[in-house]
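*Asks:* With the sequence up front, the predicted model follows.
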Amino acid sequence: MPKIRRGNFVFLGWIGDHSPRHVHVYCKGRLVVKWDLENSRAMKGRASKKLRKIIDQLIDEGLI
């Protein structure tokens, strides 16, 4: 997955990374949340409502 920028957030994922399928979300260079895409929950950190909305949009667009 390429680096995706939305708002103040940067989304990163790696092909072949460990399960479950997830994305790392950064803001200002700091990890905000490691989001489990398979189970729709945080693996590490917390996702605000705004960030959850952006994640849902990126999923709907097929970008993550």
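*Replies:* Right, received. Where do you want to start?
*Asks:* Going by C-alpha atoms from here, please, whenever you check contacts or count neighbours.
*Replies:* Noted.
*Asks:* What are the boundaries of the strands in this protein?
*Replies:* 4-6, 9-12, 22-27, 30-36, 41-45 (DSSP state E).
*Asks:* measure the residue most central in space within the chain to Arg46 for me?
*Replies:* Centrality entry for the chain: nearest residue to the mean C-alpha point is Val23, 3.9 Å, by Cα atoms, centre = their mean. Distance, Val23 to Arg46, using Cα to Cα, to the nearest Å: 13 Å.
*Asks:* On the strand side of things, show who the nearest residue to Ala42 once chain neighbours are set aside bridges to.
*Replies:* Spatially, and ignoring its direct neighbours in sequence, Ala42 is nearest to Trp35 (4.6 Å; Cα to Cα, 6 or more residues apart in numbering). Trp35 has these beta-bridge partners by DSSP bridges: Val23, Ala42.
*Asks:* now the farthest one out in the chain, which residue is it?
*Replies:* In the chain, by Cα atoms, centre = their mean, Gly16 is the one farthest from centre (16.0 Å).
*Asks:* And that residue, how far from His22?
*Replies:* Taking Cα to Cα, one finds Gly16 at 11 Å from His22.
*Asks:* cool, Leu63 as well?
*Replies:* 12 Å.
*Asks:* neighbour-wise, which of the two wins?
*Replies:* Neighbour count, other Cα atoms under 10 Å: between Leu63 and His22, His22 has more, with 22 against 11.
*Asks:* and the residue nearest to that one when sequence neighbours are not counted, how many residues sit next to it?
*Replies:* Nearest residue to His22 in three dimensions, chain neighbours excluded: Asp36, at 4.4 Å (Cα to Cα, 6+ apart). Each residue near Asp36 was counted by other Cα under 10 Å, and the total is 17.
*Asks:* Quick one: residues contacting Asp36.
*Replies:* 20-23, 42-43 (Cα atoms under 8 Å, 6 or more residues apart in numbering).
*Asks:* And those residues, which is closest to Phe9?
*Replies:* Val23 (11.8 Å; Cα to Cα).
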